[in-house]
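*Asks:* Turn this into a model:
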Amino acid sequence: MAINANSYGTLAGTGALVPKWSGGGSDFADATRPTATQVEAWIDQVSSILNGILSQFGFAIPVSQADAVRALTMFVEEEVASIVNGINGSGRFGPTAKGKTAGGRFRLILEDVKGYVEGMAIGLERLGASRTYNAMAGLDYRDTDESGSATAPIFQRKAFGDSFTDWDSD
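*Replies:* Below is the predicted model:
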């Protein structure tokens, strides 16, 4: 099995974070627990969740801007390393982890991904990651109608008991 083209992360990168479980080096094999095939599957699965949330935030998938890819790779490898630790009975996904809930690993990973993307969305965009959709796109207002006559706003400050003071005028 190979890691999908639209995934972020490598066996070696994940293995470097958990050398105790990757055979003492930075890679997994058929004899390690978990196996290389299992770790590749988790990289693809966590990347798919990440791509789903990135897509929700309007990013073109897969993200291809080099700095953004490195940041996403680090995130996926760290999440998968946490799964590897949990499989081996340690870390935040291990059997003795504090603060575990009924939602299990998936819910925790989903929360991690959502929080990460929410925190990184503007930064990823400013790095140059292609954002094809923005929830704010298309919001506009008209100050004239079709004939060119001025229109009043639908909502006015006074309608809500608010009054505006122009501090710059005399």
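
*Asks:* all contacts plus neighbour counts: C-alpha atoms, from now on.
*Replies:* Will do.

*Asks:* for the longest helix belonging to the chain, packing partners?
*Replies:* Among the segments of the chain that qualify as a helix by DSSP state H, the longest is helix 104-127. For helix 104-127, the helices and strands in contact under the criterion 3 or more C-alpha pairs under 8 Å, 6 or more residues apart in numbering; DSSP states H and E are helix 36-56, helix 66-87.

*Asks:* Taking their axis directions, it and helix 36-56 sit at what angle?
*Replies:* Note on geometry: by axes from the mean of the first three to the mean of the last three C-alpha atoms, to 10 degrees, helix 104-127 and helix 36-56 are set 60 degrees apart in direction.

*Asks:* And the contacts of helix 104-127?
*Replies:* Taking contacts as C-alpha atoms under 8 Å, 6 or more residues apart in numbering, the residues outside helix 104-127 that touch it are 46, 49-50, 53-54, 57, 65, 67-68, 79, 93, 131.

*Asks:* ok, now with 6 Å
*Replies:* Contact partners of helix 104-127, identified using C-alpha atoms under 6 Å, 6 or more residues apart in numbering, comprise 50, 68.

*Asks:* rewinding a little: okay, the helices and strands packed on helix 104-127 in CSV with mean neighbour count next?
*Replies:* Conversion of the helices and strands packed on helix 104-127 to CSV gives the following (neighbours: other C-alpha atoms under 10 Å):
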stretch, mean neighbour count
helix 36-56, 20
helix 66-87, 20
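
*Asks:* Sounds good, over and out.
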